[in-house]
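Peer 1: My questions are about this predicted structure, shown below with the sequence.
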Amino acid sequence: MPQTSRILNIELHDFWHVGNGEGMGSGLDSVVRRNRWGLPVLPGRELKGILKDSAKCLESWGHIPKGTVDRLFGCNGRDGEIRVSNADLDKNDSLVLMPSNSADVRSALFCDLFSTAIDHKSGNAKNKSLRGMEVVVPCILQAEITCDVNSKGSFELIERFLPLTRAVGSDRNRGLGRCTMTFNNEE
């Protein structure tokens, strides 16, 4: 079946973290997921889930017809109308950062954040509570959203719930990963 696609821009306004489930020795408890070139990536599956949550809000508020979320994202083992690729740095930035001689520049994309739990009675750090997390500096990621040509108004529906997507990655409720999502108008 013929398909059409649009590029989704994800402008990250703060540090962000999408972990790979691993730590780095005694220093960091969680490091950032990277693509094969060592650049940060937001997996399409996670991005699709974030978009689905935003769409559920619109549907529950009655702003889009009931069943829209299931139609777009699928349910009960049935595929939805849209597919979402991984979100990577745009191609121009990636081309600059991929060569092996760009390792120093690539490392500037990442920072380490540390936090600890505080004992409320004493005001001191709780024992063994120091946690380290690798984060990525603010940047712009791009993902491709694809749907069948015959899908009625899928992109228009997606555009309606994009503003509800306010953050990506872990620790969203603690200020990480604030973002703005828009479709690329250069198509």
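Peer 2: That came through, no problem.

Peer 1: Grab the nearest non-local neighbour of residue 90.
Peer 2: residue 142 (5.1 Å; C-beta to C-beta, 6 or more residues apart in numbering). (Each C-beta comes from the backbone N, C-alpha and C, glycine too.)

Peer 1: cool, residue 82 as well?
Peer 2: Closest residue to residue 82 apart from its sequence neighbours, by C-beta to C-beta, 6+ apart: residue 147 at 4.7 Å.

Peer 1: which ones are touching the one you found?
Peer 2: 3-5, 81-83, 154-155 (C-beta atoms under 8 Å, 6 or more residues apart in numbering).

Peer 1: now the residues you listed in CSV, with pLDDT, secondary structure and distance to residue 110?
Peer 2: As requested, the contacts of residue 147 are exported to CSV (pLDDT from 0 to 100; DSSP: H, G, I helix; E, B strand; the rest coil; distance: C-beta to C-beta, whole Å):
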residue, pLDDT, secondary structure, distance to residue 110
3, 84, strand, 35
4, 89, strand, 35
5, 92, strand, 30
81, 91, coil, 36
82, 93, strand, 31
83, 95, strand, 29
154, 87, helix, 35
155, 90, helix, 33
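
Peer 1: quick one: which of those residues is nearest to residue 165?
Peer 2: Nearest to residue 165 among those, counting by C-beta to C-beta, is residue 82 at 14.3 Å.

Peer 1: Would you agree that closest one is in contact with residue 157?
Peer 2: No: with contact defined as C-beta atoms under 8 Å, residue 82 does not reach residue 157; the gap is 9.4 Å.

Peer 1: what is in contact with those two at once?
Peer 2: Counting by C-beta under 8 Å, 6+ apart, the contacts common to residue 82 and residue 157 are residue 72.

Peer 1: for this structure, longest helix please?
Peer 2: helix 44-60 (DSSP state H).

Peer 1: Report the mean confidence score over whatever helix or strand comes next after it.
Peer 2: Heading C-terminal from helix 44-60, the first helix or strand you meet, by DSSP states H and E, is helix 68-73. The average pLDDT for helix 68-73 rounds to 93.

Peer 1: What strands flank whichever helix or strand comes after helix 68-73, and is each parallel or antiparallel?
Peer 2: Note on helix 68-73: by DSSP H and E, the next helix or strand toward the C-terminus is strand 74-75. The pairing partners recorded for strand 74-75 under DSSP bridges are strand 78-79 (antiparallel).
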